[in-house]
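Enquirer: Here is a sequence together with a model predicted from it:
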Amino acid sequence: MAKKIFLDEQEMPTQWYNIMADIKMNPPLRADGTPLEPGDLAPVFPMNLIEQEASTERWIDIPEEVMEKYRIWRPTPLVRATALEKALGTPARIYYKNEGVSPPGSHKPNTAVPQAYYNKAFGIKRICTETGAGQWGSALAFACSLFGLECKVYMVKISFQQKPYRRTMMETWGATCVASPSEETQSGRAVLEKDPDSPGSLGIAISEAIEMAVGPEDTRYSLGSVLNHVLLHQSVIGLEAKKQMEKVGEYPDVIIGCAGGGSNFAGIAFPFVHDVINGKEIKIYPVEPKACPTMTKAPFVYDHGDIAKFTPLIAMHSLGHAFVPPPIHAGGLRYHGMAPQVSQLISEGILEPRSYHQLESFEAGMMWAQTEGYISAPETNQALACVIDEAKKAKEEGKEKVILVNWSGHGLIDLGSYERYLSKQLTDYELPDEMLEKAEEVFKDFPKPALLKSR
Ligand SMILES: *Cc1c(COP(=O)(O)O)cnc(C)c1O
């Protein structure tokens, strides 16, 4: 039995899978409630990506220039977690897709590279973005360096202070990185006036990056998760995994991924959701922290993606666009919203979200490191906590389940949070219901999404 299942470079998927062809969605709206037109986004994104965002073609060709860059680290290995299985004494067979082998160490360059390519093809010279823990900023910095584009990153202040090496990575790839909220933008100054010690949030950093991107003709904005075209690019993960599982005659009963904005989860899951819509039965679990329970506690509503309401209204699970996550929480996944496609599938019961405390997720990460060897990103640990639960359940039920998980990234730049865990400085934190209610006030007057059925 092989430990690792590889694909040859020639076996790499040459098209992305677009789930828009297979599901029904509430359309994005302008702030006044009228339907968004593609042209509305033109100051923010290049037109070729706006077209992709709205496309309903099931298969979209991956440009050869992107394939060439993907080959730096793709295809990624699919690995059987035999040591973890053994330690748990489970009859389950656990497979993980190792997306930590990319240069920035996560799945994020799967979309950063095509986004940089499409911007370049459209004549753009400079890209602005935000980053939370720094993984997205470093992935975009890497991608921009491959295509000779300038890159400017607004990094959530608390991470900027806690994760200096991410900034070093961005600068090594030639990007500029500033702490958000900053004095450079109106959105940043507005936040600082009210709260000079604001730890920042993704919602604030997104506002700053968009504000800086919409002015100059040769500058655009880029988002690392949530949007349809991002999830489209990430489908390469699940398409490869499907081929790899076929090679060993396997098919998943359970699929698990952690979900911040939803992109790595959708990347592994959506090519299989296609099968579910066509009659297959798979349990599919997106996993989030209890400190930021977007999918498990927040309602499915229309809300903005950022605090300054620059983004359109999108139908999603949301904690409210003004949500600032508690700084007590160590492991990423702090965005207030969730990808509209993931949210839609949750509303239909096709995806079943789960949430975990940070201590149980770090315990899972410790067990993983001491069996499979790799030190996982704190975000990834959330998914591993769910994998371990499912493997234990399989043992209790005496069932030979096949579990597929996306190992979204390594944690070698996040050792600070491991250090806090190991020195017992991390505690569990569940978002109190009063805070949820308060956070949600911001969208109570917005239109309500329709309940649609895709199957
Ligand atoms: C960014 C990131 C996530 C969360 O983002 P998604 O868009 O939900 O995938 C999860 N894991 C790692 C390693 C990340 O870098």
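Expert: Looks like it came in fine.
Enquirer: Please work out how many residues are found near residue 423.
Expert: Residue 423 has 8 neighbours, counted by other CB atoms under 10 Å. Placement of C-beta: from N, CA and C, glycine included.
Enquirer: Pull the contacting residues for whichever residue of the chain sits closest to the ligand.
Expert: The nearest approach of the chain to the ligand comes at residue 409, 2.7 Å away (CB to the nearest ligand atom). By CB atoms under 8 Å, 6 or more residues apart in numbering, residue 409 lies in contact with 99, 100, 105, 106, 107, 108, 135, 376, 377, 379, 380.
Enquirer: Can you tell me which of those residues has the largest number of neighbours?
Expert: residue 380 (33 neighbours).
Enquirer: Tell me which residues of the helix or strand that that residue is a member of come out buried.
Expert: Following DSSP states H and E, one finds residue 380 within helix 378-397. Neighbour-count burial for helix 378-397 flags 378-391, 394-395 (criterion: 16 or more other CB atoms under 10 Å).
Enquirer: near the ligand, which of the residues you listed show up?
Expert: Counting by CB under 6 Å from any ligand atom, 379, 380 from these sit close to the ligand.
Enquirer: what does stretch 101-113 contact?
Expert: 66, 69-70, 72-74, 76-77, 99-100, 135-136, 138-143, 146, 169, 222, 224, 229-230, 233-234, 236-237, 263-264, 267, 377, 406, 408-410, 412-413.
Enquirer: So which elements touch the helix or strand that contains residue 50?
Expert: Following DSSP H and E, one finds residue 50 within helix 47-54. Contacts defined by 3 or more CB pairs under 8 Å, 6 or more residues apart in numbering; DSSP states H and E place helix 47-54 against helix 109-121, helix 228-247.
Enquirer: related to what we said a few turns ago, and the residue of the chain closest to the ligand, bridged to which residues?
Expert: Under the criterion DSSP bridges, residue 409 forms beta bridges with residue 106.
Enquirer: Can you tell me how far it is from residue 150?
Expert: Computed as CB to CB, to the nearest Å, the residue 409 to residue 150 distance reads 25 Å.
Enquirer: Contact partners for residue 265?
Expert: 257, 258, 259, 286, 287, 342, 406.
Enquirer: Touching, the fifth one and residue 385? I think so.
Expert: Yes: taking contacts as CB atoms under 8 Å, residue 287 lies within contact range of residue 385: 7.3 Å.
Enquirer: who touches both of these two?
Expert: Between them, residue 287 and residue 385 share the contacting residues residue 356, judged by CB under 8 Å, 6+ apart.
Enquirer: Could you measure from the residue nearest to the spatial centre of the chain over to residue 443?
Expert: The chain has residue 263 as the residue nearest its centroid, 3.6 Å off, counting by CA atoms, centre = their mean. Distance, residue 263 to residue 443, using CB to CB: 23 Å.
Enquirer: cool, residue 258 as well?
Expert: From residue 258 to residue 443 the distance is 25 Å (CB to CB).
Enquirer: who has more neighbours, these two?
Expert: Taking other CB under 10 Å, residue 258 and residue 443 do not tie; residue 258 has more neighbours (34 against 21).
Enquirer: Please save the CA atoms from stretch 14-29 in PDB.
Expert: Taking Å, rounded to 0.1, in the frame of the first residue of the first chain, the C-alpha atoms of stretch 14-29 are listed here in PDB:
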ATOM      1  CA  THR A  14      -6.200  21.600 -17.500                       C
ATOM      2  CA  GLN A  15      -9.600  23.100 -16.600                       C
ATOM      3  CA  TRP A  16     -11.100  24.500 -13.400                       C
ATOM      4  CA  TYR A  17     -14.500  23.300 -12.300                       C
ATOM      5  CA  ASN A  18     -17.100  26.100 -11.900                       C
ATOM      6  CA  ILE A  19     -19.900  25.100  -9.500                       C
ATOM      7  CA  MET A  20     -22.100  28.000 -10.800                       C
ATOM      8  CA  ALA A  21     -23.100  25.700 -13.600                       C
ATOM      9  CA  ASP A  22     -24.700  23.300 -11.000                       C
ATOM     10  CA  ILE A  23     -26.200  25.500  -8.300                       C
ATOM     11  CA  LYS A  24     -28.800  28.300  -7.900                       C
ATOM     12  CA  MET A  25     -27.600  31.500  -6.300                       C
ATOM     13  CA  ASN A  26     -29.000  34.800  -5.000                       C
ATOM     14  CA  PRO A  27     -27.500  37.500  -7.100                       C
ATOM     15  CA  PRO A  28     -25.100  40.200  -5.700                       C
ATOM     16  CA  LEU A  29     -26.900  43.500  -5.100                       C
END
